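Trainee: Next come a sequence and a model predicted from it.
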Amino acid sequence: MGIAKSVGRVVLVFAVAAVAAAAGWALFLAYPVDLTDLFGVVLAVGVAAAGLRAGANLAGSLFPDYNVAEVAVEGPISRDGGGSAVPPSPGGAGADEVVEQIERADADRNAEALLVKLNTPGGEIVPSQDIRLAAERFDGPTVAYATDTCASGGYEIAAGCDELWAREGSIVGSIGVIGSRVNAADLADRLGVSYEQFTAGRFKDAGVPLKELEEEEREYLQTLVDDYYDQFVADVVEGRDLAEETVRETEARVYLGSEAADLGLVDELGTREDVEASVGERIGADAVVEEFEPQRGLADRLRTGAQRVAYGFGAGLAGRLAGDGRFRFE
């Protein structure tokens, strides 16, 4: 932050505080109305303190002291932050919110670089791709930092950044795709439950758990998984500048950060301080990081809280037992 910004912040804070103090003095001391002088002094001091806080907030918005925006992707990745059939499960990363944060950082003239903190086992395919694309569109250096885990969809996101850092003990990789279904046909037979098909289209009910999977259906679903995998590999090859053979040879394994660095899956190993120093070198100044968080209204916060309570009472378990039929980067 330059000297001019520092001076501007200080001047603005004290100017607003002075105006508030003057207003408080005028309202509660110079023109008291049935108030004791002592009470007037207390009120004047309170107004001045409120003015100081308002001035600090205003100065922070007009003269921000950061030059790097940080966006975190933590937990399973999905469209809305839900990790199960009953969203949202606790700790999930909502792609729409993350994309909004990145776009807000991109529009912020003070954010010269983007730091993407990754601690995720992966998740849904298209939401992961959306976050990667948002990182690619950011106008400035983008650095991804893997903390505990950067797997599957997390690695897809990292492929959209200029550089990937990790710790020696970070779990990195799992460049693969999984699609699953529950086979409850035998259980349905024991319970006397039968399945009748009313569909238009040969493969419309492929994967329904109440019937046995036919070989043609198996091949059809496997083809979808293979096509998603080809997309994933292509994204990694392009974004991480790796040979396709190298990516496919990982066979969706995970690696410790040190081994991932040897394979070229990670650019550098280091601590958070090392990452910030590297970002500072990219922008030619000491990195001052501001975490961008989701902008939620009161109604959204209340709704999320209620849903998390419901999850705690068993909704999450029910969703996992039922399965959701979605393909995932895992």
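Mentor: Yep, it's here.
Trainee: low-scoring pLDDT stretches of the protein, where are they?
Mentor: Applying pLDDT under 70 to the chain flags residues 1-64, 82-91, 295-330.
Trainee: same thing but 80
Mentor: Within the chain, the segments meeting pLDDT under 80 span 1-64, 81-91, 180-189, 192, 194-197, 199, 207-211, 295-330.
Trainee: Let me see the ranges of the helices in it.
Mentor: 3-25, 37-62, 95-107, 125-137, 153-158, 185-191, 215-240, 244-249, 257-263, 272-283, 298-310, 316-322 (DSSP state H).
Trainee: buried residues in the fourth one?
Mentor: Right, the one you point to is helix 125-137. 125, 127-132, 134-136 (16 or more other CB atoms under 10 Å). Any C-beta I mention is one placed from the backbone N, CA and C, and that applies to glycine too.
Trainee: Nearest to Ala144, out of those residues: which one, please.
Mentor: Closest approach to Ala144 among the buried residues of helix 125-137 (CB to CB): Ala135, at 7.7 Å.
Trainee: what's the closest one in contact with, if anything?
Mentor: 102, 114, 116, 142, 144, 157, 160-161 (CB atoms under 8 Å, 6 or more residues apart in numbering).
Trainee: Could you rerun that using 6 Å?
Mentor: The contact partners of Ala135, taken as CB atoms under 6 Å, 6 or more residues apart in numbering, are 116, 142, 160-161.
Trainee: same question, Val288
Mentor: 65-67.
Trainee: do Glu217 as well
Mentor: Glu217 touches Ala206, counting by CB under 6 Å, 6+ apart.
Trainee: could you measure it against Arg202, distance?
Mentor: 9 Å (CB to CB, to the nearest Å).
Trainee: which one of the contacts of Val288 has the most neighbours?
Mentor: With neighbours taken as other CB atoms under 10 Å, the top of the contacts of Val288 is Asn67, carrying 21 neighbours.
Trainee: Which of the contacts of Ala135 fall within strands?
Mentor: 116, 142 (DSSP state E).
Trainee: in the contacts of Ala135, which two residues are the furthest apart from each other?
Mentor: Val116 and Gly160 (8.5 Å).
Trainee: These two: which has the busier surroundings?
Mentor: Per other CB under 10 Å, whichever of Val116 and Gly160 has more neighbours is Val116, with 27 against 24.
Trainee: residues in contact with the more buried one?
Mentor: By CB under 6 Å, 6+ apart, the contact list for Val116 reads 71, 135, 144, 161.
Trainee: Please report how far it lies from Ala146.
Mentor: 10 Å.
Trainee: Gly94 contacts Gly81, correct?
Mentor: Yes. The criterion here is CB atoms under 6 Å, and Gly94 meets it with Gly81 at 3.1 Å.
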